[in-house]
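1. The following comprises the amino acid sequence and a computationally predicted model.
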Amino acid sequence: MRIPSLGETDLLVPLHEGVFEQPMWHTFLERLRAAAGSDFAGLIIRPPDSREEIHLATTGLQLPPQLSQLFQEKFDPAPLQNRAMREGRVYTLDELVESGGELARQCREELIEPLGLTHMRSMRVRESEGVEAWLTVSSRKELGAAVGNLLVALTPHLRVALRVFATLERERARSSMSADAFQRMNFGWISVDERCRIVDCDAQAERVLERSGILRRGSYNRLMPSSPAADRELMGLVKRFAENPEDRPHAINLSRDPWIDILVAPFRVRNMAISTQPVAVVYLRGDRSSTADRCDQLADLFGLTPSEARLAWAMAQGLSIADAADELGLTVETARNYSKKIYAKTGARGQSDLVRHILTSVLALA
């Protein structure tokens, strides 16, 4: 097994860490430029089946403004870095110009030669899921064979770095879509340790903790409902889950106006990246609208009268017709008459169907 030289290690570490830098791979490109003895080092990344590219570069030269404008207007994306390049092979400037046609020759004459960067080594790398990269070093002076050999030696490592980049981008997109869906549905989550101290939470739950007094951060970062009864119940559940991770989840209502529920469940996924392991996760469902707002929205959506809308919203929160009638100051007979009109207007076949109609309607996004 060949042990990498110190020079290669100086390049490999920033290459693998570069995806976490801003701008990405800046340290790697600076060190590559120094190792190659070149004036310029650049990296172009292109996602699969896309013309959008990420351009990363470091240079010891000050690019004249007129040449920078010329590059942006005429040669971006640069015609020299094209898919015709064989993957993993190092190309010289002459080879790229010869295969790039008239635009490549024009780029050389109007952009490259005025800068004096007439010596170039460029290589295309493609990772398994289709992300491509073009790694280039350019110089005013001759670049020896060692520079080409260095690029070839970097190929498998660049491929791995691209795979990490592709994986992180995919997870970032998924996370963004999930976070958007959670936000629209007013869902959030908070993980807590055995003392009910907050370990982690998503952005939606963080907003609730910052803006709502119903659920807040207490002393020592403890998760605290404003209701003493709900606080005792939550603490008891967390202790139970710490002792028995297989126990069943339990729901707690924190507020009726606006409606806020939490589902407390045992945390069964071990996170090796953190020192404090959660024992429970608190799923939060908080309504951003008041009862009055929801009743107005129901009236608009289903053509209900104000009285029907108030009863429909109460029933959607799980109250029986009798309990809803008592809460709204109606007789049970009046509430039953209203419910028949509500079912007819919403198309629901009963209370459970009404709950589904309301909670899966566009009101969930409001």
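-> Everything's here; your move.
2. where's residue 129 relative to residue 251, distance?
-> For residue 129, the distance to residue 251 equals 41 Å [CB to CB, to the nearest Å]. Just so you know, the C-beta spots here come from the backbone N, C-alpha and C atoms, and that holds for glycine as well.
3. ok, now residue 121?
-> 63 Å.
4. Which residue of those two possesses the greater neighbour count?
-> residue 121 (24 against 11; other CB atoms under 10 Å).
5. Which other helices and strands does the one helix or strand that one maps to contact?
-> Here residue 121 sits within strand 119-126, counting by DSSP states H and E. Counting contacts by 3 or more CB pairs under 8 Å, 6 or more residues apart in numbering; DSSP states H and E, strand 119-126 packs against strand 90-92, helix 93-107, strand 132-139, helix 145-184.
6. got the angle between it and helix 145-184?
-> Orientation of strand 119-126 against helix 145-184 (axes from the mean of the first three to the mean of the last three CA atoms, to 10 degrees) gives an angle of 40 degrees.
7. show me where pLDDT drops low in the protein?
-> 1-8, 49-52, 59-84, 97-108, 110-117, 177-186, 257, 271-275, 286-290, 359-366 (pLDDT under 70).
8. Strands of that one, start to end?
-> 40-46, 54-59, 90-92, 119-126, 132-139, 187-192, 198-201, 215-217, 223-225, 250-256, 259-266, 280-286 (DSSP state E).
9. Would you mind giving the ones you listed as CSV with distance to residue 27 added?
-> Shown next, in CSV, are the strands of the chain (distance: least, CB to CB, whole Å):
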stretch, distance to residue 27
strand 40-46, 11
strand 54-59, 9
strand 90-92, 22
strand 119-126, 19
strand 132-139, 15
strand 187-192, 34
strand 198-201, 29
strand 215-217, 37
strand 223-225, 40
strand 250-256, 48
strand 259-266, 42
strand 280-286, 37
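10. nearest to residue 346, of those strands?
-> strand 259-266 (18.9 Å; CB to CB).
11. Could you list every helix and strand in contact with the closest one?
-> In terms of contacts (3+ CB pairs under 8 Å, 6+ apart), strand 259-266 is packed against helix 228-243, strand 250-256, strand 280-286.
12. Residue 303: which of the ones you listed is closest?
-> With respect to residue 303, and counting by CB to CB, the nearest of those is strand 250-256 at 25.5 Å.
13. Export only the CA atoms of the closest one, formatted as CSV.
-> Extracted C-alpha coordinates of strand 250-256, given in CSV (Å, rounded to 0.1, in the frame of the first residue of the first chain):
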residue,chain,number,x,y,z
HIS,A,250,-48.9,9.8,24.3
ALA,A,251,-50.7,13.0,23.2
ILE,A,252,-51.2,16.1,25.3
ASN,A,253,-53.3,19.1,24.4
LEU,A,254,-51.6,22.3,25.4
SER,A,255,-54.1,24.9,24.2
ARG,A,256,-57.5,25.1,22.6
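14. Summarise which helices and strands it is packed against.
-> Contacts defined by 3+ CB pairs under 8 Å, 6+ apart place strand 250-256 against helix 228-243, strand 259-266.
15. Most tightly packed of these?
-> Most buried of those by mean neighbour count (mean count of other CB atoms under 10 Å) is strand 259-266; its value is a mean of 20.
16. Next, the angle strand 250-256 makes with that strand.
-> With the same axes, to 10 degrees as the basis, strand 259-266 and strand 250-256 are set at 160 degrees to each other.
17. Give the partner strands of strand 259-266 in its sheet and their orientations.
-> strand 250-256 (antiparallel), strand 280-286 (antiparallel) (DSSP bridges).
18. Tell me what angle the last one forms with strand 187-192.
-> Going back to what we said before, that points to strand 280-286. Between the axes of strand 280-286 and strand 187-192, defined by the same axes, to 10 degrees, the angle is 150 degrees.
19. same check, this time on the first one
-> Here strand 250-256 points in a direction 120 degrees away from that of strand 187-192 (the same axes, to 10 degrees).
20. can you pull the buried residues of strand 250-256?
-> 252, 254-255 (16 or more other CB atoms under 10 Å).
21. Save the residues you listed as CSV, and put in distance to residue 240 too.
-> What follows is these, written out as CSV (distance: CB to CB, whole Å):
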residue, distance to residue 240
252, 13
254, 19
255, 23
